[in-house]
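Undergrad: below are the sequence and a predicted model; questions follow.
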2 protein chains.
Amino acid sequence: MNSTLELLANRHSVRAFSEQPITPEERQAILQATYRAPTAGNQMLYAIIEVDDPAVKQRLVETCDHQPFIAKAPLVLVFLADYQRWFDAFIHGGVRERCAAVGQEFRMPGPGDLFLASCDALIAAQTAVIAAESLGIGSCYIGDILENYEIHRELFHLPRYTFPVTMVCFGHPAPLTHQRRIPRFPEEFILHRNTYRRFGPEEQEAMFQPLMAARPSGHAFPEGVENIAQSLFFRKYVAPFSYEMTRSVEAMLKNWTPEED
Amino acid sequence: MNSTLELLANRHSVRAFSEQPITPEERQAILQATYRAPTAGNQMLYAIIEVDDPAVKQRLVETCDHQPFIAKAPLVLVFLADYQRWFDAFIHGGVRERCAAVGQEFRMPGPGDLFLASCDALIAAQTAVIAAESLGIGSCYIGDILENYEIHRELFHLPRYTFPVTMVCFGHPAPLTHQRRIPRFPEEFILHRNTYRRFGPEEQEAMFQPLMAARPSGHAFPEGVENIAQSLFFRKYVAPFSYEMTRSVEAMLKNWTPEED
């Protein structure tokens, strides 16, 4: 196993950071690796907002489901799907005039552009995570940045055709952080061959088996909760942050739906 | 620079593959690394469809904007945002009955869940890309999998709460493939600090400068096209595949919009 495969195999999320700062050289190494991430047609349909203002970090603690460790992360990067940069370039570059001259319809960015840009943003984010990992710097994705779209839009002065699709906190891991290796579903429940297959109740029992086995002994489900599916449903899927996430994304999607113009 | 940073710095897309097969051990190394990719709350909101049926590959050549090299890739992985697996687990796990018992509203997956699942899928995809790179195996993202949603749904028998959000072709690079290092925008146009900033015409000229400088000498824009913004607009942004991408994504989004139930 080469050293890259080794770090991918051993990587886990880090939410407790040591006092050790991220040096300017480490920060640059992470960012320079990120800029080389694959991007659709070299369009670079993403942008990064580095958050180093403590007041902004504190705001993100609140808007991202109340996670105080965000404020303690020495490096916080918000990854945006960004079609605004090209859109502005079209305007400044005289595209509307060219369209008029040749009879080409102009169009506003739509949901397809949003998804392609979101792909670029995530590909960049995971590249940053792996670059950091290679330097011994831990990281944690904050999916909750999908919530509170309107607040983040104001906080970061986001124009219409940008969307903060993920956020990553980076820092050297706190010492003595105990890390269990979190089990995943067995391969047959992730990997399909040529066609998607749904799983029945017995198969799902096998799917959840490694997760059940990894539960600390004596760690019972709460009163009235019978299994992992129910636990996940009540703990996350119908938690307020999940409702907020869908509300927020729906609000954002309106910006990218041409009918709304 | 450590070996991981080195491979991230030098990685480029590979669209021409040698005859050298991907060995079962290499395939397993890529997949095992992928399964360890970060995932929101360990929910593993993604699935992979490995396409090894030549007829299915050939269909993807056509549905993904006519790219014949897809059929020649020894390993083709489609990455799905997948909430179906948990949704089915909720049903099989008696969540509806628990909801009725405790007076909790049941809800269908929404756009927030779709985006969170898309994040998981992209994070997994880029992990696979980097794992492959560490083994000398090249790769190319196929963003065009966002097109033709209905055809892919039928082709892969996709249930409602899955979406093929990206695809990657893998293979050992063909020898003698000439690879220029493709320039990116300068850092100041990708990285913002605490707040997003838009760029005016002069700044955008600086932004495009490295791309202009990298154009082969004598490589003029086509008749009537004056700059990179116009070139990108006419070549990609208003190409049929871009319209199809937004049409396809809009069709898919209807599945994830609770109002449509």
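TA: Thanks, I have the structure now.

Undergrad: mind checking the longest strand of chain A?
TA: The single longest strand within chain A, with elements called by DSSP state E, is strand A:162-171.

Undergrad: hey, C-alpha coordinates of it in CSV?
TA: Provided in CSV are the C-alpha atoms of strand A:162-171 (Å, rounded to 0.1, in the frame of the first residue of the first chain):
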residue,chain,number,x,y,z
THR,A,162,-22.9,31.4,-6.1
PHE,A,163,-23.8,28.8,-3.5
PRO,A,164,-21.8,27.6,-0.5
VAL,A,165,-22.2,23.9,-1.0
THR,A,166,-19.7,22.7,1.6
MET,A,167,-17.3,23.9,4.3
VAL,A,168,-14.2,22.3,5.7
CYS,A,169,-12.5,23.0,9.1
PHE,A,170,-8.8,22.2,9.2
GLY,A,171,-6.3,21.9,12.1
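
Undergrad: okay, now the sheet partners of it, with direction.
TA: Partner strands for strand A:162-171, per DSSP bridges, with pairing direction: strand A:75-82 (antiparallel), strand A:138-141 (antiparallel).

Undergrad: hey, what's the residue nearest the centre of chain A bridged with?
TA: Nearest to the mean C-alpha position of chain A, by C-alpha atoms, centre = their mean, lies A:T166 at 3.0 Å. Applying DSSP bridges to A:T166 gives these bridge partners: A:F79.

Undergrad: against A:D120, how distant is it?
TA: Distance, A:T166 to A:D120, by C-beta to C-beta, to the nearest Å: 12 Å. Where you see a C-beta, it was placed from the backbone N, CA and C, and this is true even at glycine.

Undergrad: secondary structure class for A:M207?
TA: Secondary structure, DSSP: H, G, I helix; E, B strand; the rest coil: A:M207 is helix.

Undergrad: show me the contacts for the nearest residue to it once chain neighbours are set aside.
TA: Spatial nearest neighbour of A:M207, chain neighbours left out: A:F189 (4.5 Å); criterion: C-beta to C-beta, 6 or more residues apart in numbering or on different chains. By C-beta atoms under 8 Å, 6 or more residues apart in numbering or on different chains, the contact list for A:F189 reads A:199, A:203, A:206-207, B:85.

Undergrad: coming back round to it: using CSV, lay out the strands paired with strand A:162-171 together with mean pLDDT.
TA: Output for the strands paired with strand A:162-171, formatted as CSV (pLDDT from 0 to 100):
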stretch, mean pLDDT
strand A:75-82, 98
strand A:138-141, 98
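
Undergrad: can you list those in TSV and add mean neighbour count and distance to B:S18?
TA: TSV is the format used below for the strands paired with strand A:162-171 (neighbours: other C-beta atoms under 10 Å in any protein chain shown; distance: least, C-beta to C-beta, whole Å):
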stretch	mean neighbour count	distance to B:S18
strand A:75-82	26	34
strand A:138-141	24	35
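
Undergrad: who wins for proximity to B:A71 among those?
TA: Judged by C-beta to C-beta, the one of these that comes nearest to B:A71 is strand A:75-82, at 30.2 Å.

Undergrad: re the thing from before, how about the residue nearest to the centre of chain A, what does it touch?
TA: A:78-79, A:121-122, A:125, A:141-143, A:145-146, B:119.

Undergrad: ok, now how distant is it from A:R85?
TA: On the measure of C-beta to C-beta, A:T166 and A:R85 end up 18 Å apart.

Undergrad: do the same with A:S118
TA: 15 Å.

Undergrad: what does A:I49 give?
TA: Taking C-beta to C-beta, one finds A:I49 at 13 Å from A:R85.

Undergrad: domains in chain A, by residue range?
TA: Domain assignment of chain A by automatic domain parsing yields the ranges A:3-180, A:182-214.

Undergrad: and those, which is most packed in?
TA: domain A:3-180 (a mean of 20; mean count of other C-beta atoms under 10 Å in any protein chain shown).

Undergrad: in JSON lines, list the contacts of A:T166 along with distance to A:A40 and secondary structure.
TA: Formatted as JSON lines, the contacts of A:T166 follow (distance: C-beta to C-beta, whole Å; DSSP: H, G, I helix; E, B strand; the rest coil):
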{"residue": "A:V78", "distance to A:A40": "20", "secondary structure": "strand"}
{"residue": "A:F79", "distance to A:A40": "15", "secondary structure": "strand"}
{"residue": "A:A121", "distance to A:A40": "11", "secondary structure": "helix"}
{"residue": "A:L122", "distance to A:A40": "12", "secondary structure": "helix"}
{"residue": "A:A125", "distance to A:A40": "15", "secondary structure": "helix"}
{"residue": "A:Y141", "distance to A:A40": "21", "secondary structure": "strand"}
{"residue": "A:I142", "distance to A:A40": "24", "secondary structure": "coil"}
{"residue": "A:G143", "distance to A:A40": "22", "secondary structure": "helix"}
{"residue": "A:I145", "distance to A:A40": "22", "secondary structure": "helix"}
{"residue": "A:L146", "distance to A:A40": "21", "secondary structure": "helix"}
{"residue": "B:C119", "distance to A:A40": "17", "secondary structure": "helix"}
